[in-house]
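> Predicted model and sequence follow; I will ask about them next.
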Amino acid sequence: ANGYNCWLGYHLLENGELRENYSQWASNIVISKEPDEIKIALSELKSGINGILGVDAVVVTREPEQSSCIALGVLGRGQNIDSYVKYDEVVQIGNEGFIIKAFKTGNSEIVVVAGTTTKGLLYGVFSLLRLLQTEATISGILKIENPANQLRIINHWDNIDGSIERGYAGKSIFFTDNKVTEDLGRIKDYARLLCSVGINSIVINNVNVHKYESMLITDKYLNDVASLAQIFRDYGIKLYLSANFASTIEIGGLATADPLDPQVRKWWKEKADEIYSLIPDFGGFLIKADSEFRPGPFTYGRTHADGANMLAEALEPYGGLVIWRCFVYNCMQDWRDRITDRARAAYDNFMPLDGLFRENVLLQIKNGPMDFQVREPVSPLFGGLQKTNQLLELQITQEYTGQQKHLCYLVPMWKEILDFDTMAKGRNTSVKKIITGSVFNNKLGGMAAVTNIGNDLNWTGHQMAQSNTYGYARLCWNPDLSAEKITDEWVRMTYSNYEKVVNTVKEMLLGSWRTYENYTSPLGIGWMVNPNHHYGPNVDGYEYDKWGTYHRADHKGIGVDRTVKSGTGYAGQYHKDVAGIYEDMDKCPEELLLFFHHMPYDYILKSGETLIQYIYNTHFKGVEEVEELRNKWFSLKGWISEEIFLHVLERLDGQLEHSKEWRDVINTYFYRKTGISDELGRKIY
Ligand code: BDP
């Protein structure tokens, strides 16, 4: 009970009757004669059943005679399993999909778990185990599932020296001291965890590829990287690498990285040949170019389409992909300049290139226009771009949301992002639909997220932060799942099915994002954090800096005017029906008010509070809510393993202290700036 197993800890079901009920069929597993391709699926199934039901299932390779069983296999191989699945069912199962189907014959109950591929079967097995662990009704079930998103990606920001950029859970699981790890057992455990929730792609190194890191795509590292790829392959996960756009210079001995230079093009083609000779299913490259001092095509007067297409051409013969990030902005801007707006940058840079990228290029777009703040509008590139493959980039690692010291469950935020209606093709053109590719007929699409995983024993630092990893992956698979449902699954899988535990932990998780927002930066303005490490309050920390991250507070008001009418014009980047809402301060969703408008402190919000009073109220409330979080957790003493109970309690104590610091710094700053006191006379310093 140290958290290492995450949601795969498989604990014995508390409900004895149900256990017996499931065991009737789960004690026998029938497979076909060639068990090789189902080896992993079978062993996962067996160990899961053992944990959940306390039963050592018997595996047989023949038809059961009048006895209930699980029938397991890959369809379309001319094996017995085929006879259980009808044609109109088979055709619904895609190459990553599965079927779970229970029916009665005579007195026996057969539970079929099958895919049309080994990978689909694995997903089916993990799904069945989830159903059992969460006490679902299996009898009569017919479940055919396919993932909504083709690409379901985890991004690591791991450096070869073992450090992790924005990592809050220890060091890298992949690298130590400029070497690939020798602890491959842990990598296998990780691959299993990811596979169990449907992740199918992983980028193992940081998007900031510095000179030394460029070596990862040389023979110094590639053999070891290939061993990692092998482990992931077994679990249906493709390995990708972040690459330095100027690799030709850094490691190739050329004087240029100009994407139109024939020598540069040749170098990358040969590099692709080399990589694929070692990793035949290599996923491709993730590229951060012309951003935060990383090199890129701008140096040579070329566009990002030129840059991406050059790499895409090299990977194309092998089916590799180029994932090109849209996080491109000027990080050296003058804060005195009120026209240049960092929020505009991604759209300004990439909209003109729509339709110019090759088929194996995807643009990876951060969810918001700034940088993973606690609240941001959705990037206008979603709904803007139509002729380009797109990935939504989220951040699981809690860089700006409490760094895994605070509890901040992000699934509700991600749901809002996925459900956001861009109106690009009339009502119901949500982000979640666009990224599947179905709205604009894009060939590829999906989601990527910066992981919160490190080599801490419990993987995520704060044990409860595992819920963010879990939730992200579940949303990749099916963005229509409710936050409530995902959370329910996670709690039951991780802790137990006791209603007290389930209800209490769910309440804690589901409210925690709003709580974090309450005591940090208000109404969509963001930032107000300490520069560099981004932990803790510092209202003006980024105010007179070069990063383009301003709140523009003075004694009369706060907020950035991003309207077309009088501001930076950012609001005009949205489809006109959305732009009209943001442009108008009365229609603008209040939680984003200060992102779009500069408002006086005495402005009356819909609640009847003035803006300044709202700031005070939410900050006092935020701290009270953390107190409640702690009380709720405390009520679970004896219901959760002691080790995890104490660990989380300690984090919550720290969060409480730190939320007070946030409250006091923010409230005091605005009190001093405005001279307006709190109507309720609470203590402000
Ligand atoms: C910011 C991080 C920085 C990353 C950058 C990125 O502060 O460490 O390198 O984003 O996404 O959030 O490239």
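That came through fine.
> What sits closest to Gly48 if chain neighbours are left out?
Nearest residue to Gly48 in three dimensions, chain neighbours excluded: Leu129, at 3.9 Å (C-beta to C-beta, 6 or more residues apart in numbering). For every residue, glycine as well, the C-beta is placed using N, CA and C.
> how close does the one you found get to Val564?
52 Å (C-beta to C-beta, to the nearest Å).
> got the contact list for the residue in the stretch 301-450 of the chain that the ligand sits nearest to?
Of all residues in the stretch 301-450 of the chain, the one sitting closest to the ligand is Asp371 (4.6 Å; C-beta to the nearest ligand atom). For Asp371, the contact set (C-beta atoms under 8 Å, 6 or more residues apart in numbering) comprises 327, 400, 549.
> Kindly report the same for Pro522.
594, 614-615, 618, 666.
> if we can go back for a sec, tabulate the contacts of Asp371 in a markdown table, adding columns for neighbour count, secondary structure and distance to the ligand.
Supplementary listing: those in a markdown table, determined by neighbours: other C-beta atoms under 10 Å; DSSP: H, G, I helix; E, B strand; the rest coil; distance: C-beta to the nearest ligand atom, whole Å:
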| residue | neighbour count | secondary structure | distance to the ligand |
| --- | --- | --- | --- |
| Phe327 | 20 | coil | 5 |
| Tyr400 | 24 | coil | 8 |
| Thr549 | 24 | coil | 11 |
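> In three-state terms, label Gln373 for me.
Of the three states, Gln373 takes coil under DSSP: H, G, I helix; E, B strand; the rest coil.
> For burial, what's the neighbour tally of the residue nearest to it when sequence neighbours are not counted?
Distance criterion C-beta to C-beta, 6+ apart; nearest residue to Gln373, sequence neighbours excluded, is Gly526 at 3.6 Å. By the measure other C-beta atoms under 10 Å, the count of residues near Gly526 is 25.
> Backbone torsions only: list them for Gly526.
The phi/psi pair for Gly526 (degrees, to the nearest 10) reads phi 70, psi -170.
> quick one: contacts for it?
370, 373-376, 400, 549, 551, 595.
> Most neighbours out of those residues, which is it?
Of these, with other C-beta under 10 Å as the count, Phe595 tops at 27 neighbours.
> helix/strand/coil for it?
helix.
> Look up how far Asp561 lies from it.
10 Å.
> Show me the shaky parts of this structure.
34, 63-66 (pLDDT under 70).
> residues touching the closest residue to the ligand within the stretch 501-650 of the chain, list them.
For the stretch 501-650 of the chain and the ligand, the shortest gap (C-beta to the nearest ligand atom) falls at His534, measuring 6.6 Å. For His534, the contact set (C-beta under 8 Å, 6+ apart) comprises 399-400, 403.
> In space, what's closest to Thr494 - neighbours in sequence excluded?
Nearest non-adjacent residue to Thr494 (C-beta to C-beta, 6+ apart): Trp7, at 5.1 Å.
> so that neighbour sits in a strand?
No. The assignment for Trp7 (three-state DSSP) gives helix, which keeps it out of a strand.
> So which residues on the chain come close to the ligand?
165-166, 207-208, 288, 292, 327, 371-372, 399 (C-beta under 6 Å from any ligand atom).
> List the ones among these that fall in helices.
The members of those all map outside helices under DSSP state H.
> Just the buried ones from the residues you listed?
Buried members of these, counted by 16 or more other C-beta atoms under 10 Å: 166, 207-208, 288, 327, 371-372, 399.
> Can you add distance to Leu121 and give those back as JSON lines?
Below are these laid out as JSON lines (distance: C-beta to C-beta, whole Å):
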{"residue": "Arg166", "distance to Leu121": "36"}
{"residue": "Val207", "distance to Leu121": "33"}
{"residue": "Asn208", "distance to Leu121": "38"}
{"residue": "Lys288", "distance to Leu121": "36"}
{"residue": "Phe327", "distance to Leu121": "37"}
{"residue": "Asp371", "distance to Leu121": "40"}
{"residue": "Phe372", "distance to Leu121": "36"}
{"residue": "Glu399", "distance to Leu121": "37"}
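> burial count for Glu37?
The number of residues near Glu37, taken as other C-beta under 10 Å, comes to 15.
> can you pull the contacts of the closest residue to it other than its chain neighbours?
The shortest distance from Glu37 to any non-neighbouring residue, by C-beta to C-beta, 6+ apart, is to Thr118 (4.8 Å). By C-beta under 8 Å, 6+ apart, the contact set of Thr118 is 37-38, 40-41, 74, 236.
> same deal with Asp290?
Asp290 neighbours (C-beta under 8 Å, 6+ apart): 296-299, 304, 328.
> Could you identify the buried members of those residues?
When neighbours are counted using 16+ other C-beta under 10 Å, those contain these buried positions: 296-297, 304, 328.
> For Leu315, see how far away the closest residue to Lys238 other than its chain neighbours is.
Once flanking residues are discounted, Lys238 sits nearest to Gly283: 3.9 Å by C-beta to C-beta, 6+ apart. From Gly283 over to Leu315 the distance is 9 Å, taken as C-beta to C-beta.
> Mutual contacts of these two, please.
Shared contacts of Gly283 and Leu315, counting by C-beta under 8 Å, 6+ apart, come down to Leu321.
> Number of residues surrounding the nearest residue to Ile251 once chain neighbours are set aside?
With C-beta to C-beta, 6+ apart as the criterion, Ile251 has its nearest non-adjacent residue at 4.9 Å, and that residue is Ser214. Ser214: 21 surrounding residues under other C-beta under 10 Å.
> was I right about Ser214 contacting Ser242?
No. With contacts counted by C-beta atoms under 8 Å, Ser214 stays clear of Ser242, the gap being 9.9 Å.
> Next up, phi/psi of Ala102, please.
Dihedral angles (degrees, to the nearest 10) for Ala102: phi -120, psi 130.
> where's it relative to the ligand, distance?
45 Å (C-beta to the nearest ligand atom, to the nearest Å).
> Show me what that residue is bridged to.
Val111 (DSSP bridges).
> what helix or strand is the residue nearest to Leu656 when sequence neighbours are not counted on?
Excluding the flanking residues, the one nearest Leu656 by C-beta to C-beta, 6+ apart is Val626, at 4.9 Å. Assigned by DSSP states H and E, Val626 belongs to helix 611-634.
> Contacts only, for Gly638.
Per C-beta under 8 Å, 6+ apart, neighbours of Gly638: none.
> the strands in the stretch 501-650 of the chain, which residues?
557-558, 599-600 (DSSP state E, counting those that start in this stretch).
> Just checking: what are the partner strands of the last one?
Sheet pairing for strand 599-600, assigned by DSSP bridges, gives strand 557-558 (antiparallel).
> For the partner strand, which outside residues touch it?
Contacts for strand 557-558 (C-beta under 8 Å, 6+ apart): 525, 551-552, 594, 598-601, 603, 611, 670.
> Of the residues you listed, keep whichever come out buried.
525, 551, 594, 598-599, 601, 603, 611, 670.
> Report how many residues lie close to the spatially closest residue to Glu213 that is not a sequence neighbour.
Nearest residue to Glu213, sequence neighbours excluded (C-beta to C-beta, 6+ apart): Ile160, at 5.5 Å. Ile160 sits with 23 neighbouring residues when counted by other C-beta under 10 Å.
> wait, Asn146 sits on Val91?
No. Here Asn146 does not reach Val91: they are 11.5 Å apart, not a contact under C-beta under 8 Å.
> ok so, going back, which strands and helices sit next to the helix holding Val626?
Judged by 3 or more C-beta pairs under 8 Å, 6 or more residues apart in numbering; DSSP states H and E, the packing partners of helix 611-634 are helix 499-519, helix 642-674.
> related to what we said a few turns ago, could you confirm the residue nearest to Gly48 falls within a helix?
Yes. Judged by three-state DSSP, Leu129 forms part of a helix.
> contacting residues for it?
Leu129 sits next to 10, 44-45, 48-49, 52 when contact means C-beta under 8 Å, 6+ apart.
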